[in-house]
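Participant: A predicted structure for the sequence below; I have some questions about it.
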Amino acid sequence: MSNDTIFSKIISKQIPADIIYEDENTLAFKDINPQAPFHALIIPKIAIATINDINASNSHLVGELYVTAAKLAKQFGFAQDGYRVVMNCNEHGGQTVYHIHLHMLAGIEMGWPPYQNTKKEQS
Ligand code: 5GP
C-alpha cells in the first residue's frame with residue numbers, strides 16, 4: 001500500500017503550502033482550514049500513517065515534532081500564554097490525512113474537554 005498523501009506532495013513541493021518551518025526531519029505549515037487564530041500542522045518528512053504505526057525505530061521523529069512545536073511557540077510568541085498540540089488517530093479520532101501530524105492551535109483560550117464537540121451522541 002502506498003503511503004502517499006497530500007502531505008507527501010507538500011514535502012516534495014509539488015503542491016504549495018504556507019511553510020513556516022523546515023529542518024532535516026520535520027516540516028510545519030499553516031492548516032488550510034484553520035480552527036484557531038494560529039493553526040499549523042507539524043509533520044515528519046517520512047510518512048508514518050497513524051499513531052498505531054509508531055515504533056522503536058521511528059519514535060525519535062515524534063519527539064522531533066514536539067521540538068519543532070516548542071520552537072514555533074517561541075517564534076510566534078505563544079510559549080507563555082500556551083497552546084494546544086493534538087494528534088488525531090483513525091476515524092474516531094477524526095484523522096483525515098494518513099501521515100501523522102501534530103495540530104498546533106494557539107492564539108485563543110480553548111475549552112476542555114474536546115469531546116463536547118463529538119460528531120454523534122453516544123448512547
Ligand atoms: P486530520 O483531520 O487528519 O487530523 O487533519 C488533517 C488536516 O489537514 C486538516 O486540519 C485539514 O484542514 C488539513 N489539510 C488537508 N489538506 C490540506 C492541504 O492541502 N494543505 C494544508 N495546508 N492543509 C491541509
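Facilitator: Alright, I've got the coordinates.
Participant: got a list of what the residue nearest the centre of the chain touches?
Facilitator: Ranked by distance to the mean C-alpha position of the chain (CA atoms, centre = their mean), the top residue is L102 at 2.1 Å. Contacts of L102 were listed using CB atoms under 8 Å, 6 or more residues apart in numbering, and they are 41-43, 65-66, 69, 85-87. No exception for glycine: its C-beta is placed from N, CA and C like everyone else's.
Participant: please apply the same query to A106.
Facilitator: 36-39, 73, 76, 78, 81-84.
Participant: filter these to the buried ones?
Facilitator: 36, 38-39, 73, 76, 78, 83-84 (16 or more other CB atoms under 10 Å).
Participant: who's in contact with M87?
Facilitator: 51, 100-103.
Participant: now swap in D23 and tell me
Facilitator: 64, 68.
Participant: now do the phi/psi pair for it.
Facilitator: For D23, the backbone dihedrals are phi -140, psi -170 (criterion: degrees, to the nearest 10).
Participant: tell me which of the contacts of A106 fall in strands.
Facilitator: Residues of the contacts of A106 located in strands (DSSP state E): 38-39, 83-84.
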